[in-house]
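1. mind looking at a prediction? Sequence and model below.
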There are 2 protein chains.
Amino acid sequence: MTPNDESASHLDDLGDSELNVRRAAILEAVVSQYIGTAEPVGSSHVATAPGVRVSSATVRSEMVALEREGYLVQPHTSAGRIPTDKGYRFFVDHLTTPGVLGPVQRRQVSRFFEQVHGEIETVLERASGLLSELTSYAAVVVGPSHETSTIRSVQLVGLSPLHALIVVVLSDGAVEKRTIDLDAEVGDEVLAATGAFLSAHLLGQTMAGPWTAPASGTRAVDGLVAAALRALDSMGGDIESDQVFVGGPARLAESFEAVETVRSVLSILEQQLVVVSLLRDVLDRGLSVAIGTEHGYEPLSSCAVVVAPVTVDGHDLGAVGLLGPTRMDYERTMAAAHVVGERLGERLAGGHDGRH
Amino acid sequence: MTPNDESASHLDDLGDSELNVRRAAILEAVVSQYIGTAEPVGSSHVATAPGVRVSSATVRSEMVALEREGYLVQPHTSAGRIPTDKGYRFFVDHLTTPGVLGPVQRRQVSRFFEQVHGEIETVLERASGLLSELTSYAAVVVGPSHETSTIRSVQLVGLSPLHALIVVVLSDGAVEKRTIDLDAEVGDEVLAATGAFLSAHLLGQTMAGPWTAPASGTRAVDGLVAAALRALDSMGGDIESDQVFVGGPARLAESFEAVETVRSVLSILEQQLVVVSLLRDVLDRGLSVAIGTEHGYEPLSSCAVVVAPVTVDGHDLGAVGLLGPTRMDYERTMAAAHVVGERLGERLAGGHDGRH
DNA sequence: TCTGGCACTCGGTAAACTTGAGTGCCAAGC
DNA sequence: GCTTGGCACTCAAGTTTACCGAGTGCCAGA
């Protein structure tokens, strides 16, 4: 007398991620319609969807089962259904088409990578803008950290009688600087000599330290060397931290109705460290999408995060991410992240790190 | 039979910015109450305010006059009054107390400037955070442009066989870099020599160009020099543009109810050039506050902008700005901008530009 | 097992009404 | 001649009531 229950329990045996073909079709219809309209989806709408060839009554009973299994919820009795995070997850995991950009956007990407030029930082920054334009969501681009890069050059430049600048060039093209207070006036020649001395000695080392202070010539130089090493030491932190670029944060205000949500998401984006570890966490788990609470960051529980790695020769050099509402257009967004991430990788590979 | 009209026309003769003492007191009461409550202010509330010793009926007739003169508006009949931009302007111009920070915030500022250290960029960035924390509005800090700085050093560093980096150090401590594609392999010594050669030749010049290409030794070096000069050329733009740091953009979502307002203000903040010229415009007009449409930027018409210059020896080296709703707490905000701007100026003066 | 039918639910909208803060005006008073 | 208390009036916001319709759950029949 309870055919639904029986069939449901039968289907439950298939395991969580496996659904009846029909149920899957219904779930997919609900999700895609909800993504489009942002309105709870009723059974009759689903019944008219392509791929679902049953009456609304049947859809209803299936939806009861889907709700029991946690894929859908009703905002209130006598309303249509809305996907849960689990529902979105199923939808995303079962996207048949690999996701393709529209022709306009495709050309936009091509044009971008044809025209963009300049230093990596510039490229990454502008790429974050591109991503956010492509998707109309907020975008994040994380560039490679300089942790493993080695020192290519150390230079000391005098700025004023009692101030000098230490400039370090790394093998990946990054440049870091630090001001040094001098105890006494030092001639340009001494500065240059000390720079050359340090350069020769530290060449090839990473910025990790600890710094060996090689005994050198005069006492004045030794003091200078010590100060330089202290400066190098303080660079460590900056060097470790990855470069983060946020594109189109204003789009968050388009994505979310509640101003409070906008605020909390914005303040997450202000914390670069959090952003980096968020993307890294998601990638490490082998995901390309984190929906709702899957990533474990409370304030982002109403968001979905789409991530794609930027790889060169199989090494992760960074990541791109997109931040939108859970009812985002996953297909297009994932396509955008994927394409831009990939082309960024090619771009980085084509850089000075060894095209030849 | 129309005493109000007569007295009003009499008062109008005093000119726009001069109001009856009583009217001024009433206007001030309306503004400050509205700033506090965000609710239209009724006559009876004003009548009980300190400094206003008349009945609500009198307040009412004065408010009619204030409305006729454009200082107040009624959102609708039978509602209290709200200040217009002109009303806020009068309020700001007639602030008696010069504006003082609370003891807590004062200590916060002191602690900040005691503790903060590192490069200018870091200091400016963190200062924008400080400002936004102090006021709970979004903050902007514009640092000095490098336009007038002169070249202190030019260095060429090899990164890979066919790529080199040109690193330019300016007299104010700024460092700019650019990648150079090499036509053929060049030894480190040649690179270093070319760098030294350029360095000697360009020393003391500003980044404005145009670059003279001094005839040098070998042909290989000449090609390298040409490439370096092209790179220097492309630095021009970057060098001109000032450094802009935005602090606490998330606070915008606290300041404004309408999500659309948040969006439009955020997208303004994304455009650094606009931000810079906004601040500069306001400062150039000798203002410290721009209310509503006074600054002429449409999307910010529901904002007030508080600005303070960062000066060293009378020279404007930058500016700090705060962005909030027109009903912001002008007194505290102006105080915060003033104090932080001033102390930033001292800090910059204490830098390498010549403490001694 | 599916489907059409039917009673039921309930959010959302609209209309009618009430409330109260606030106004404008006026006549009396200082 | 200002100022003030009084009074009638206005209108946004809240409350109540009613209604509509999308949508559901259940059931009996095919």
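-> Great, that's in hand. Numbering: from 1, shown residues only, chains lettered A, B, ... in the order given.

2. ok and the residue in chain A nearest DNA strand D?
-> Using CB to the nearest atom of the strand, the point where chain A gets nearest to DNA strand D is A:G42, with a distance of 2.6 Å. In this view, the C-beta of every residue, glycine as well, is placed from N, C-alpha and C.

3. how about that residue, nearest residue that isn't a chain neighbour?
-> Once flanking residues are discounted, A:G42 sits nearest to A:G80: 4.0 Å by CB to CB, 6 or more residues apart in numbering or on different chains.

4. on that earlier part again, how about the contacts made by the residue of chain A closest to DNA strand D?
-> A:S56, A:G80, A:R81 (CB atoms under 8 Å, 6 or more residues apart in numbering or on different chains).

5. specify the local secondary structure of the closest residue to A:P144 other than its chain neighbours.
-> Counting by CB to CB, 6+ apart, A:L317 is the residue found nearest to A:P144 once chain neighbours are left out, at 4.3 Å. Under DSSP: H, G, I helix; E, B strand; the rest coil, A:L317 falls in the strand class.

6. give the contact list for A:L317.
-> A:G143, A:P144, A:V310, A:T311, A:G345, A:L348.

7. hmm, back to that, near DNA strand D, from the contacts of A:G42?
-> If you filter these for contact with DNA strand D, counting by CB under 7 Å from any atom of the strand, you are left with A:S56, A:G80, A:R81.

8. distance of the closest residue to DNA strand C within the stretch 151-300 of chain A from chain B?
-> Distance from DNA strand C to each residue of the stretch 151-300 of chain A (CB to the nearest atom of the strand) is smallest for A:E257, at 12.6 Å. When distances are taken as CB to the nearest CB, to the nearest Å, A:E257 and chain B turn out to be 7 Å apart.

9. can you check A:D281 too?
-> Distance from A:D281 to chain B, counting by CB to the nearest CB: 22 Å.

10. who are the packing partners of the helix or strand hosting that residue?
-> Assessed by DSSP states H and E, A:D281 sits inside helix A:272-284. If contacts are counted by 3 or more CB pairs under 8 Å, 6 or more residues apart in numbering or on different chains; DSSP states H and E, helix A:272-284 sits against strand A:138-142, strand A:244-247, helix A:259-270, strand A:303-312, strand A:315-325.

11. what about 7 Å?
-> For helix A:272-284, the contact count by 3 or more CB pairs under 7 Å, 6 or more residues apart in numbering or on different chains; DSSP states H and E identifies strand A:138-142, strand A:244-247, strand A:303-312, strand A:315-325 as packing neighbours.

12. now do the end-to-end distance for stretch A:77-84.
-> Using CA to CA, to the nearest Å, the gap from the first to the last residue of stretch A:77-84 comes to 16 Å.

13. now do that stretch, average pLDDT.
-> Taken as a whole, stretch A:77-84 carries a mean pLDDT of 90.

14. and it, does that touch DNA strand C?
-> Yes. Judged by CB under 7 Å from any atom of the strand, stretch A:77-84 and DNA strand C are in contact via A:T77, A:S78, A:A79.

15. against chain B, how distant is the first one?
-> The one in question is A:T77. In this structure, A:T77 lies at 30 Å from chain B, with CB to the nearest CB as the measure.

16. repeat for the last one
-> Using CB to the nearest CB, A:A79 is found at 24 Å from chain B.

17. hang on, the earlier thing: how close does the residue nearest to A:G42 get to A:V59?
-> Between A:G80 and A:V59 the distance, using CB to CB, to the nearest Å, works out to 11 Å.

18. ok, now A:E294?
-> According to CB to CB, A:E294 and A:V59 sit 28 Å apart.

19. same check on A:G36?
-> As it turns out, when the distance is counted by CB to CB, A:G36 lies 18 Å from A:V59.

20. likewise for A:D281?
-> For A:D281, the distance to A:V59 (CB to CB) stands at 37 Å.
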